[in-house]
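# below are the sequence and a predicted model for it; my questions follow.
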Amino acid sequence: MPISGSSAVKSSSDAPEIIKCVASPAEARALPPGSVVGDLYGGVTFSDAVAHVLESRSLRGWREVAIADVSWTIIQLNR
């Protein structure tokens, strides 16, 4: 199912696609397991309601990673 308004970036062939925009809790619930959602480090892209849904679907929670010398805050959805 396409997510309206979502955008993604893939920084290298080894890096996962990072979804950078999730506009609503419904969109967050519609993302498939295995999706990686993120923001540039220090950014505040997601509403509290969207962040809550993302956090409830992740086993590890938010983490900082560097991909191609760019710092990201990401969360991987496991469920």
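Here it is on my side, so go on.
# the helices in the protein, which residues?
25-30, 48-56 (DSSP state H).
# any buried residues in the shortest one, and which?
To tie it back to what came earlier, the one meant is helix 25-30. Judged by neighbour count (16 or more other Cβ atoms under 10 Å), helix 25-30 contains these buried residues: P25, E27, A28, A30. Glycine gets a C-beta too; all of them are placed from N, C-alpha and C.
# which one of those is nearest to T73?
Among the buried residues of helix 25-30, A28 lies closest to T73 (Cβ to Cβ), at 15.5 Å.
# right, and that closest one touches S35 too?
No. Assessed by Cβ atoms under 8 Å, A28 is found out of contact with S35, at 9.4 Å.
# hang on, the earlier thing: who wins for proximity to N78 among the helices of the chain?
helix 48-56 (10.5 Å).
# residues near L77, how many?
L77 is flanked by 21 other residues according to other Cβ atoms under 10 Å.
# roughly how far is the longest strand anywhere in the chain from the heart of the chain?
Counting residues, the longest strand in the chain under DSSP state E turns out to be strand 70-76. Here strand 70-76 is found 8 Å from its chain centre; the criterion is Cα atoms, centre = their mean, to the nearest Å.
# contacts for that strand, please.
For strand 70-76, contacts defined as Cβ atoms under 8 Å, 6 or more residues apart in numbering pick out 11, 16, 18, 34-43, 54-55, 58, 60-66.
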